[in-house]
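Asks: got a sequence here, can you model it:
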Amino acid sequence: MPGSFETLSRADLAVLVPELLLCGQLIDRSGMAHLIMEFGREGMAEVAIEEWESASPWYTRRMQKALRYEGDDVVTIFKGLQLDIGAPPQFMDFRYRVDDPQHGEFWLDHCGALMDVEPLGDEFVTTMCHDIEDPTFDATAIATNPYAQIRPIHRPPRRPADQHPHCAWTVIIDPSHVPPVMTHHTEQIGCTAAASTELSPIDDGDEGASDYAGSLLSDLRFSDFSRSALVRIAQEVSLQHHLLALGFLLAVRKRTSEDKAREITLKQLTGIAGVAAQRIRDALGLPSDLEGLSAVLALHPLLNPKQYVTSEIHWDGENLELWISRAGRVDEDGGWPTLIDADHLEPLQALVRGVNPHFTVRVNSDTPAGLHIAVDIAEDPAPECVEVAITKVSSGAGFAFQDRGIPLPLFVV
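Replies: Predicted coordinates:
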């Protein structure tokens, strides 16, 4: 039974990484509904813009450095998108064309986010595809080159209704472009412990690719990476979750009281915790028993990467306990795990019930040193909580990845 990322096989890691990328995108599906209820559609858009602006430049640069594809050209931007929780593979089916190092295009053959929002009407589509995308695409691009601009060729609302591809964009790097000014909220997230956390080094001696320094590929086939590279990618993607959640919390705090901000972020965490647990269980074929739950806990982004979130899982064959430290790097940032205490167990309840609805968590102790909980088995299954049900409205909650075969290198056309 797997423990942490480091204990997984190369094959299992290759399955897990796209799952983590998709779950990162579903963080927004989990949080946005609660923002709409609190701030309306326009307030939701403001928070979404700020959270992605805050987080994406930092995690984009982290992944570039980890996989050694640092650069300042269009290819570097496209590689970053392939490893970004804002663009999970296949669900957000980005396709790329490179004209030269300063010019390129991408389009979405399928946009799962659009499929989720289109039923809400053109106003919500415009909010996502215009108001949110314009500043956040540029925030991602400037992590590579401050003179990069991403501009639409066409985008939704779709006219005609079956327009395909769903959207298309140009990427142009030009010294005449005026670089956007880094926002204060972006600077704040750049000063977090999450942004500077050191993760596991990649062993160049492992079988498989240890970086992404070569050609841009039409798709990333994660099974082509080495085991240690996949461990690092899984850690980085989990850290992307935390950086985005910190950006979300920061943006919400600006608009309401501290108690309300924590309440909204706790609901966001509850929804994604349950969906991620279920997807991890199913993707790796884990059993719905306590041993299977112990494996899910060890791999769940709430508790990863271990260099950022300090926790211990104790499974002795009969009893399962979890201890979440209050002295980890995440505690310096006030991130997700700090929202959970004896009076706010909803995210852990959702997580364990994502594996088995008969599971329930019980507090053994809650002290300044840490939260110690035990997992019990109830006779009757618990109903699915509202926060998880809201997240599952997204088609991403049930999305199935496909084997697309050998990816092709993309060259200048």
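Asks: okay, and for the protein, where does confidence drop off?
Replies: 1-3, 413 (pLDDT under 70).
Asks: where exactly do the strands run in it?
Replies: 92-100, 103-111, 148-154, 167-173, 216-217, 311-315, 320-325, 359-367, 370-377, 409-410 (DSSP state E).
Asks: how far off centre is the fifth one?
Replies: With Cα atoms, centre = their mean, to the nearest Å as the basis, strand 216-217 stands 22 Å off its chain's centre.
Asks: please apply the same query to the second one.
Replies: Between the mean C-alpha point of strand 103-111 and the mean C-alpha point of its chain there is a distance of 20 Å (Cα atoms, centre = their mean).
Asks: tell me where the stretch 201-350 of the chain has helices.
Replies: 227-253, 258-283, 290-299, 329-333, 346-355 (DSSP state H, counting those that start in this stretch).
Asks: between the third one and strand 359-367, how big is the angle?
Replies: Spelled out, it's helix 290-299. Angle of helix 290-299 versus strand 359-367, following axes from the mean of the first three to the mean of the last three Cα atoms, to 10 degrees, is 50 degrees.
Asks: so which elements touch helix 290-299?
Replies: In terms of contacts (3 or more Cβ pairs under 8 Å, 6 or more residues apart in numbering; DSSP states H and E), helix 290-299 is packed against helix 258-283, strand 311-315, strand 320-325, helix 346-355, strand 370-377. Quick note: C-beta positions are derived from backbone N, CA and C, even for glycine.
Asks: tell me the domain ranges of this protein?
Replies: The chain is divided into the following domains under automatic domain parsing: 8-239+406-410, 258-395.
Asks: okay, those in a markdown table with mean neighbour count and distance to Leu249 next?
Replies: Listed next are those as a markdown table, based on neighbours: other Cβ atoms under 10 Å; distance: least, Cβ to Cβ, whole Å:
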| stretch | mean neighbour count | distance to Leu249 |
| --- | --- | --- |
| domain 8-239+406-410 | 19 | 8 |
| domain 258-395 | 19 | 5 |
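Asks: looking at those domains, spot the one closest to Gly247.
Replies: Closest to Gly247 of the domains of the chain is domain 8-239+406-410 (Cβ to Cβ; 3.3 Å).
Asks: and that closest one, how far apart are its ends?
Replies: 31 Å (Cα to Cα, to the nearest Å).
Asks: test my guess that Leu269 contacts Leu345.
Replies: No - using Cβ atoms under 8 Å, Leu269 is not in contact with Leu345; the gap is 11.5 Å.
Asks: what sits against the nearest residue to Ser288 once chain neighbours are set aside?
Replies: Computed as Cβ to Cβ, 6 or more residues apart in numbering, the closest residue to Ser288 that is not its neighbour in sequence is Asn356, at 4.4 Å. Contacts for Asn356 were tallied using Cβ atoms under 8 Å, 6 or more residues apart in numbering; they are Ser288, Asp289, Gly292, Leu293, Ile377.
Asks: now swap in Arg155 and tell me
Replies: Each residue near Arg155 by Cβ under 8 Å, 6+ apart is listed here: Cys129, His130, Glu133, Cys167, Ala168, Trp169.
Asks: rebuild the residues you listed as CSV, extending it with distance to Ala397.
Replies: Converted to CSV, the contacts of Arg155 look like this (distance: Cβ to Cβ, whole Å):
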residue, distance to Ala397
Cys129, 21
His130, 25
Glu133, 22
Cys167, 22
Ala168, 27
Trp169, 27
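Asks: now, which of these sits nearest Gln90?
Replies: Checking these one by one against Gln90 (Cβ to Cβ), the nearest turns out to be Cys167, at 16.1 Å.
Asks: what's the nearest residue to that closest one if we skip its chain neighbours?
Replies: With Cβ to Cβ, 6+ apart, the residue lying closest to Cys167 is Arg155, at 4.1 Å.
Asks: Phe248 and Met128, how far apart?
Replies: For Phe248, the distance to Met128 equals 16 Å [Cβ to Cβ, to the nearest Å].
Asks: again, but for Ala45
Replies: Taking Cβ to Cβ, one finds Ala45 at 8 Å from Met128.
Asks: same deal with Asp343?
Replies: Distance, Asp343 to Met128, by Cβ to Cβ: 35 Å.
Asks: got it, and Ala194?
Replies: Plainly put, Ala194 is 26 Å away from Met128 if you go by Cβ to Cβ.
Asks: give the contact list for Ile189.
Replies: Residues near Ile189 by Cβ under 8 Å, 6+ apart: Ser54, Ala55, Trp58, Ala195, Leu243, Leu246, Gly247, Leu250.
Asks: mind listing what the third one touches?
Replies: Read that as Trp58. Contacts of Trp58 by Cβ under 8 Å, 6+ apart are Ala143, Thr186, Ile189, Gly190, Ala195, Leu243.
Asks: hmm, the first one is touching Ala55, no?
Replies: No - counting by Cβ under 8 Å, no contact exists between Ala143 and Ala55, whose distance comes to 10.6 Å.
Asks: nearest to Phe5, of the contacts of Arg155?
Replies: Taking Cβ to Cβ as the measure, Phe5 lies nearest Glu133 of these, at 31.5 Å.
Asks: find the nearest non-adjacent residue to that closest one, please.
Replies: Per Cβ to Cβ, 6+ apart, closest to Glu133 is Arg155, 7.4 Å.
Asks: can you give me the offset of the longest helix along the chain from its chain's centre?
Replies: Counting by DSSP state H, the longest helix found in the chain is helix 10-66. Between the centre of helix 10-66 and the centre of its host chain there is 5 Å, according to Cα atoms, centre = their mean.
Asks: cool, and stretch 299-319?
Replies: Its chain's C-alpha centre and that of stretch 299-319 lie 19 Å apart, by Cα atoms, centre = their mean.
Asks: first-to-last residue distance for it?
Replies: 19 Å.
Asks: list the contacts of His103.
Replies: Val74, Thr170, Val171, Ile172, Ile173 are the contacts of His103 under Cβ under 8 Å, 6+ apart.
Asks: same thing but 7 Å
Replies: Val74, Ile172 (Cβ atoms under 7 Å, 6 or more residues apart in numbering).
Asks: ok, residues contacting stretch 64-81?
Replies: Taking Cβ under 7 Å, 6+ apart as the rule, stretch 64-81 contacts 60, 63, 87, 94, 96, 98, 101-104, 106, 140-141, 144-145, 148, 171, 173, 211-213, 216, 232, 236.
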